[in-house]
Every structure is written in structure tokens, then in C-alpha cells.
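Asks: no FASTA, just this:
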């Protein structure tokens, strides 16, 4: 009788143990990806600033961060993945227990087999996440730049990425009067920035990566005699009113800040891209070469090297570096994006189309991926794929309250190439209501007249 009780207890405990192990394996990739936690918390902050919409996982990560910092964010994401998996297994075990005795054994075998599959897949993803993860915040956020600006005191101007980082790490340094929309306008309009500076002077200007929308401001500050570039690092630029000297990234600085070869390599590669943004091309290439030499198999470093080559229109090296990064980390979205782009630029349209299809399947809501897919589809003479990508892009831009006239023009062209004159007219007319120059409106009106003359549509 005791043996029977022991058998029953073991039979009850084993499925529960299997469910727990499988759900833990499914969740481990979330627990091992600090960089993803940082990204999701920033998305939540961006959502609260009205810049984009956060998903439920972004809100979960932010809630975990609010409770227990970065480990809390990691754990919250892991629980959000693991608990549903555990629930599914428990329901499956319960359902198997209700089967007739003749089928119960087979049902348990199926549950255990599925649990093994989840365990192996989750374990592989967890190892990949751990190997590719970047956990040091100095490689993810402008930590050093924020610290320097805070120590100096005075009013700080942030570009949009810097504003989000400050809201996360140093909320006291942020000027609440500078809304995200005003920050974006000032970053791209030196005239408006000078007017704001005259009214309430800035002591610091912190421009965090990406720097694409801050180029006009960078160029202006470089010409002003009362401003100097005080610090350049892997996460952006820090300008100071007055003062002397500049802290530049270098292999020595990398060795001072980081002990591991991977971290030093990432720091140098990221710094190279920042130097390239301020046209210090020779130093930029030197740092990138040092980064690749220091860690030649690090996927993130190879992606940065491919990005630098692409910025300089060196498409064959960009293609080869991106391909090498994919060999080391096949899940890297950045590497696959750069590979697809470089294949397009080097004329390999069929392979570029295959790569962009993979990108769209994995990140169907990413605007830059949809833009690239539409462009490659156009070159591949595949208007149906181009229309599908542009329609998703239009829906995304409309949802985020972004300008849509340019997308509608491309969509009209794609519909026209597909032979759908009515759809082309519909999108051209919608584009006319957008913010276009008189020349663009005239050109669209001419295209509408041409389609009407050929199709006899009103």
C-alpha cells in the first residue's frame, strides 16, 4: 500500500517538475538579455512622452524596473514568458489526467516530449541571449555623459535619445519646459535653438546616439566660439559653454573603463561611429580596426564595422562584414538588415529579397525594415510585395501620428505598376492633402491627369 502511495505521489510530482523546468527554460532568454530590458524600459518612457506606443511587455519591464531595478526588469520579462508556458503545461497535465487509462500513458508521453522540445529550444535561446547580451549600462546608455553634465551644473539641452536616457537615469538634470516635440524642433533648427539659448542659456548640450537628427546642431556648435566639444564617447557628444580640452575615446580609455576584451571592443566600435558622425574619419577607422582586431568574432562589433562601411558607401566590405556577423549570430536583426541593404546596393537583388523577407517575418512592425523591404521589392519588380510593405508602413505611421504623404506617393506608384489605377488615384489624392511643396503637388496633379486619361476614371 505504501508503494502505491509513493507511486501516486511520484506520478503527481513528475509532471509538475517537468512543467516548471520547461517554463524556466522558456523564460531564461528574457532573464539573460539585459540590453532588451533596457530597450523596453526606454520604449515605455518614450510612450509616456507621447513619442511611440508601448506594448504590454514594455510596460511589464518598466514595472519590474520600478520595483527592483534592472534585475527586476529582467525578472518581470522572464515571468511574463514563463508563467503562461507553465499554465499551458499544467492545463495539459490536468487534461491528460482526465483521459481514459488506456490513453493516459500516451498523453503523458506527448506532454513530456513537448516539454523536452520547449526545454531544448528555450535553453538554446538562453545561451544565445547570454552570449550576445550587453549588460554594462555604459555600452547601452550615455552614463558617462550624463554624469559629466550633472557634475558641471547649469541648464542642459538633450536631443531626444538623451532626453529619454536622462528621464531614466538622471531625471533631475532634465528641463521640464523642453518637451520632446520642442527638443526635436530645436535639434534640427539652429536658429530656434539660438533663440532658446538667448532666452534661457544652456551650459551643456548632450547629444546621445543616434545622432542623425542632430547634425545641424552639431555643425552649428562646432562653429560657435563660446562652445567647445568637452567629451566624445561611445554613446554620443557633450558640448560645454566655455572651458578647454576634450576627452576622446581611445584604446587606453577603453582599457581604463572596461576589463573584458568584448566590452573594450564594443566601446571602441561604438565610439568609431560617433567619431564618424563628426567627420573625424581617420580616427574613426582606426578605432574600428582596433575594435575588430580586439574581438574579431564579436557579432556586435562586426555589425558596427559593417555600419561604418555602409555610411561610407563601401558596400562590398559592408556586405562581407554583415555576413560574418550573421555567421556568429544568426538572430541579429541589425546584421541581417545591413546584409540585405548591402546586397541591394551591390546588385544581388534575389538574395536581398530573401533577406528582407526574413526580416519582415521576424519584425513586421519595424518601420525601417518595411521601408527596406518596399525598396527591394521595387527593384525586384514585385509590386505586390511592395504594396503590402507600404500598406503596413502607412498603417504604422498613421498609428504613430507621423507624416504619411511620402508613403502615400510611393504606394500610389506601386498600385499604378500593379495595374490598379483606382487605388493609385486614391493614394495620390490622399497625398495631396499632406504637407507637400508646390512642385510636388504639381507633379502629383500631372500624374493624376495621366492616369485618368489612360483609364478613363474620374
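Replies: Perfect, thanks for sending it. Computed from a predicted model, the values in this text were never measured in an experiment.
Asks: And the strands in this protein, which stretches?
Replies: Using DSSP state E, the strands of the chain run over residues 156-158, 204-208, 227-233, 236-241.
Asks: Pipe the ones you listed into TSV and attach mean neighbour count, mean pLDDT and distance to residue 195 per row.
Replies: Where C-beta positions appear, they are placed from N, C-alpha and C, glycine not excepted. Output for the strands of the chain, formatted as TSV (neighbours: other C-beta atoms under 10 Å; pLDDT from 0 to 100; distance: least, C-beta to C-beta, whole Å):
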stretch	mean neighbour count	mean pLDDT	distance to residue 195
strand 156-158	25	95	13
strand 204-208	26	95	15
strand 227-233	20	93	16
strand 236-241	24	95	16
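Asks: Using a markdown table, lay out those together with distance to residue 414.
Replies: Converted to a markdown table, those look like this (distance: least, C-beta to C-beta, whole Å):
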| stretch | distance to residue 414 |
| --- | --- |
| strand 156-158 | 38 |
| strand 204-208 | 36 |
| strand 227-233 | 42 |
| strand 236-241 | 37 |
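Asks: Residue 406 is nearest to which of those?
Replies: Within these, the stretch nearest residue 406 is strand 204-208; the backing value is 26.1 Å (C-beta to C-beta).
Asks: Adjacent strands (with direction) for that closest one?
Replies: Within its sheet, strand 204-208 is paired with strand 156-158 (parallel), strand 236-241 (antiparallel), according to DSSP bridges.
Asks: Out of the ones you listed, which is closest to residue 418?
Replies: Ranking the strands paired with strand 204-208 by their distance to residue 418 (criterion: C-beta to C-beta) puts strand 236-241 first, at 43.4 Å.
Asks: Not counting the closest one itself, show me its contacts.
Replies: Strand 236-241 is contacted by residues 142, 145, 148-149, 152, 154, 161-162, 201-209, 211, 218, 221, 226-232, 274, 277-278 when judged by C-beta atoms under 8 Å, 6 or more residues apart in numbering.
Asks: tilt between it and strand 227-233?
Replies: 150 degrees (axes from the mean of the first three to the mean of the last three C-alpha atoms, to 10 degrees).
Asks: for strand 236-241, the distance to its chain's centre please.
Replies: Computed by C-alpha atoms, centre = their mean, to the nearest Å, the chain-centroid distance of strand 236-241 equals 25 Å.
Asks: Can you check which helix is longest in the protein?
Replies: As assigned by DSSP state H, the longest helix anywhere in the chain is helix 56-97.
Asks: any idea how far that helix is from the chain center?
Replies: 23 Å.
Asks: which strands and helices sit next to it?
Replies: Counting contacts by 3 or more C-beta pairs under 8 Å, 6 or more residues apart in numbering; DSSP states H and E, helix 56-97 is packed against helix 2-31, helix 34-48, helix 101-132.
Asks: what residues are up against the spatially closest residue to residue 344 that is not a sequence neighbour?
Replies: Nearest residue to residue 344, sequence neighbours excluded (C-beta to C-beta, 6 or more residues apart in numbering): residue 352, at 4.3 Å. For residue 352, the contact set (C-beta under 8 Å, 6+ apart) comprises 340-341, 343-344, 376, 379-380.
Asks: Which among the residues you listed count as buried?
Replies: With burial judged by 16 or more other C-beta atoms under 10 Å, the buried subset of the contacts of residue 352 is 340-341, 343-344, 376, 380.
Asks: Check what pLDDT residue 8 gets.
Replies: Note for residue 8: predicted pLDDT of 42.
Asks: on that earlier part again, inside helices: which ones of the contacts of residue 352?
Replies: 340-341, 343-344, 376, 379.
Asks: could these go into CSV alongside distance to residue 265 and pLDDT?
Replies: Shown next, in CSV, are the ones in helices among the contacts of residue 352 (distance: C-beta to C-beta, whole Å; pLDDT from 0 to 100):
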residue, distance to residue 265, pLDDT
340, 25, 97
341, 23, 97
343, 26, 97
344, 28, 97
376, 31, 96
379, 35, 94
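Asks: Just give me the closest of those residues to residue 166.
Replies: Among the ones in helices among the contacts of residue 352, and counting by C-beta to C-beta, the member closest to residue 166 is residue 341, at 31.7 Å.
Asks: picking up where we left off before, deepest-packed of the helices and strands packed on helix 56-97, please.
Replies: Greatest average neighbour count among these goes to helix 34-48 (a mean of 20), per mean count of other C-beta atoms under 10 Å.
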